[in-house]
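Engineer: Sequence and predicted structure, then a few things I'm wondering about:
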Amino acid sequence: MPSASHPRCVAAATPRRPPVSRGVAAWPALAVAAALALSGCATYAPSPLGRGEGAASVAQLVAPTADMPMPTLATHRLDPTDGLDVTEVAMLTLANSPALKLKRDALGVASAQAFAAGLLPDPQLSLGEDFPRHSGGGLTTAYSLGLSEDITALLTRSSRRAVARSQAAQVNLDLLWAEWQSVAQARLLFDQVLSLRAQQNLLDTEQAALAPVGQYIDAALRAGNLTYDSASAGLNAGADVHKRLADNAIALHQADSDLHVLLGLAPTAPLDLVGVPYQIAPTPAQLQQALIDLPARRPDLLALQAGYQSQEAKLRAAVRAQFPALTIGFNTARDTSAVYSNGFNIGITLPLFDRNRGNIAIEQATRQQLRDDYAARLLGTRSDMQRLLADLDTLQRQRTALIAHVAQLDDARRAAEQAWQRNLLDWPTYLAIRGNALSADLDLLAVQQQQATQAIALQALLGNTDLVVAHPAPAEVSTP
């Protein structure tokens, strides 16, 4: 904050004309000059808009471990040169996500509002001068000088500060919750990109494997040894794989684009992902303890508690504001006959009609709404947790069954391929076996991704607690 010695401040504090008379009559100008000299002057600096291009490469991104809100991230070594694993993606998301930057800007606004709420109200200085229209003996310039303060603003200052502090705490906790959700989103996108890439490789391999069958069918059609009715199964098999490839590519483009945006990367920046998706395996005891500690740990619930405390302070302030508004001031004056006088003034609002009853009713209703919102959030969390646990149990059983089914169909596919190459198996049967094996492979990948999604959602629901044991899930689909 610049001092009053700043050139612009000095110019503003300089009176434009000298006082009319000496002595006490010079007090008004001196008081104004002193008030302006004591006040600081803010300066303006332009801040041009950016171009929003994003980082050109992962190497340009930074993620200080000291700023990580979770111990599991703060202790992980970041090294983008060998590719990004799921934890490194989460770290870079926290440090570079554009959405989180907006949340941090909102925290800056809330902090500024808390600072403003703690400032004392400025006193009101009034100054007036009267000039005689006729000159004569004993006549002089009259003046009045007054200083007043809003007492009501002083009485409600503590409530305003409590409201602002609670609001700043709520914004800070909302930011922390947004960071936790961003970590979950980073893990989900990491898993989606890896899963879609695996499906893409699987479909590319299948398309290459079907190429000789397609060539055989085309040659048979040209030679007249096969009709289009009988060749429809073969033609549809190739078309189906081609369509799946296109659909999968579009989904991969979307997931890859979302991950680039989350990391603050330019759309064309290369993104090398390594490792395996994030998985968790919490024990029943860990889940029970996490659920007990939930209201004291999860940021969104803590933010609701801070919002409720803020509303309590608003209600107290509204109750205090029902009392008459009071303003007290003191003044000194001199009339044109050079008679000096000192006095005071008191302003009070008569509480006849309003008495702030409307605002009190609004704050009471808002408090009840926040109370019910908090209870509903807790109940919803408990219900969601039970649902996710049931889903994970179902998906695990389905995954176990699919692993065995995929292994059997994989053996059948290899045997069928060898038999077809030796002309021991007709191509419709061969295509049917390959189609069944491909569907089972894709189903297993889908179940694995769905299981990872539900597990990450469960951990986010429980507040990313360190009590949850995390371990990677190995890839289980073999290349056909």
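Structural biologist: Nice, I can see it. What you see is a predicted model, and the numbers here were worked out from it, not measured in a lab.

Engineer: how many neighbours does residue 409 have?
Structural biologist: 20 (other Cβ atoms under 10 Å). C-beta here means a position set from N, CA and C on the backbone, and glycine is covered the same way.

Engineer: So it sits against residue 434, correct?
Structural biologist: No: here residue 409 does not reach residue 434: they are 9.3 Å apart, not a contact under Cβ atoms under 8 Å.

Engineer: pLDDT weak spots in the stretch 101-250 of the chain?
Structural biologist: 136, 152 (pLDDT under 70).

Engineer: how about the helices of it, start to end?
Structural biologist: Listed in chain order, the helices of the stretch 101-250 of the chain (DSSP state H, counting those that start in this stretch) span 151-155, 157-223, 228-263.

Engineer: Contacts only, for residue 373.
Structural biologist: Contacts for residue 373 (Cβ atoms under 8 Å, 6 or more residues apart in numbering) come out as residue 304.

Engineer: out of the helices of the stretch 101-250 of the chain, nearest to residue 100?
Structural biologist: With Cβ to Cβ as the measure, helix 157-223 is the member of the helices of the stretch 101-250 of the chain nearest residue 100 (5.8 Å).

Engineer: by how many degrees do that closest one and helix 228-263 diverge?
Structural biologist: Orientation note: helix 157-223 sits at an angle of 150 degrees relative to helix 228-263 (axes from the mean of the first three to the mean of the last three Cα atoms, to 10 degrees).

Engineer: Run the chain-centre distance for helix 157-223.
Structural biologist: 17 Å (Cα atoms, centre = their mean, to the nearest Å).

Engineer: Against which helices or strands is it packed?
Structural biologist: Here helix 157-223 touches helix 86-96, helix 98-117, helix 228-263, helix 299-320, helix 427-461, going by 3 or more Cβ pairs under 8 Å, 6 or more residues apart in numbering; DSSP states H and E.

Engineer: rerun at 10 Å
Structural biologist: The contact analysis (3 or more Cβ pairs under 10 Å, 6 or more residues apart in numbering; DSSP states H and E) places helix 157-223 against helix 71-74, helix 86-96, helix 98-117, helix 228-263, helix 299-320, helix 357-421, helix 427-461.

Engineer: Distance to residue 60 added to those, as CSV?
Structural biologist: Putting the helices and strands packed on helix 157-223 into CSV (distance: least, Cβ to Cβ, whole Å) gives the following:
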stretch, distance to residue 60
helix 71-74, 20
helix 86-96, 9
helix 98-117, 15
helix 228-263, 11
helix 299-320, 29
helix 357-421, 37
helix 427-461, 27
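
Engineer: Quick check: which of those is nearest to residue 330?
Structural biologist: helix 299-320 (24.9 Å).

Engineer: and the closest one, what does it pack onto?
Structural biologist: Helices and strands in packing contact with helix 299-320 are listed as helix 151-155, helix 157-223, helix 294-297, helix 357-421; criterion 3+ Cβ pairs under 10 Å, 6+ apart.

Engineer: Can you redo the ones you listed as CSV, where the extra columns are distance to residue 74?
Structural biologist: As requested, the helices and strands packed on helix 299-320 are exported to CSV (distance: least, Cβ to Cβ, whole Å):
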stretch, distance to residue 74
helix 151-155, 44
helix 157-223, 12
helix 294-297, 17
helix 357-421, 26
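
Engineer: Residue 106: which of these is closest?
Structural biologist: Of all the helices and strands packed on helix 299-320, helix 157-223 comes closest under Cβ to Cβ, at 5.8 Å.

Engineer: could you give the angle of the closest one to helix 86-96?
Structural biologist: Computed with the same axes, to 10 degrees, the direction of helix 157-223 lies at 130 degrees from that of helix 86-96.

Engineer: now helix 157-223 against helix 299-320, angle please.
Structural biologist: Using the same axes, to 10 degrees: helix 157-223 against helix 299-320 is 150 degrees.

Engineer: what sits up against stretch 254-267?
Structural biologist: 52-58, 60-61, 63, 84, 89-90, 92-93, 95-101, 182, 185-186, 188-197, 268-269, 271, 273 (Cβ atoms under 10 Å, 6 or more residues apart in numbering).

Engineer: re the thing from before, please identify the most buried of the helices and strands packed on helix 157-223.
Structural biologist: Burial of the helices and strands packed on helix 157-223 is given as mean neighbour count (mean count of other Cβ atoms under 10 Å); helix 86-96 ranks first at a mean of 24.

Engineer: That one - contacts with which helices or strands?
Structural biologist: helix 71-74, helix 98-117, helix 157-223, helix 228-263.

Engineer: now do 6 Å
Structural biologist: helix 157-223, helix 228-263 (3 or more Cβ pairs under 6 Å, 6 or more residues apart in numbering; DSSP states H and E).

Engineer: Minimum distance to residue 43: which of those has it?
Structural biologist: Comparing the helices and strands packed on helix 86-96 by Cβ to Cβ, helix 157-223 comes nearest, at 25.2 Å.

Engineer: so how far is residue 234 from residue 216?
Structural biologist: Residue 216 is 8 Å from residue 234, where distance means Cβ to Cβ, to the nearest Å.

Engineer: hmm, back to that, derive a ChimeraX selection command for the buried subset of the contacts of stretch 254-267.
Structural biologist: To isolate in ChimeraX the members of the contacts of stretch 254-267 that are buried, counting by 16 or more other Cβ atoms under 10 Å, one can use:
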select :54,55,58,61,63,84,89,90,92,93,95,96,97,100,182,185,186,188,189,190,191,192,193,194,195,196,269,273
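
Engineer: hmm, back to that, and of the helices and strands packed on helix 157-223, who's closest to residue 280?
Structural biologist: helix 427-461 (4.9 Å).

Engineer: Quick one: mean pLDDT over that closest one.
Structural biologist: Averaging pLDDT along helix 427-461 yields 90.

Engineer: Kindly calculate the angle that that helix makes with helix 228-263.
Structural biologist: 20 degrees.

Engineer: Residue 347: how many residues sit nearby?
Structural biologist: Neighbour tally, residue 347, other Cβ under 10 Å: 13.

Engineer: so it bridges to which residues?
Structural biologist: Beta-bridge partners for residue 347, by DSSP bridges, are residue 327.

Engineer: Reformat the helices of the stretch 101-250 of the chain as TSV; add distance to residue 347.
Structural biologist: Shown next, in TSV, are those (distance: least, Cβ to Cβ, whole Å):
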stretch	distance to residue 347
helix 151-155	9
helix 157-223	19
helix 228-263	56
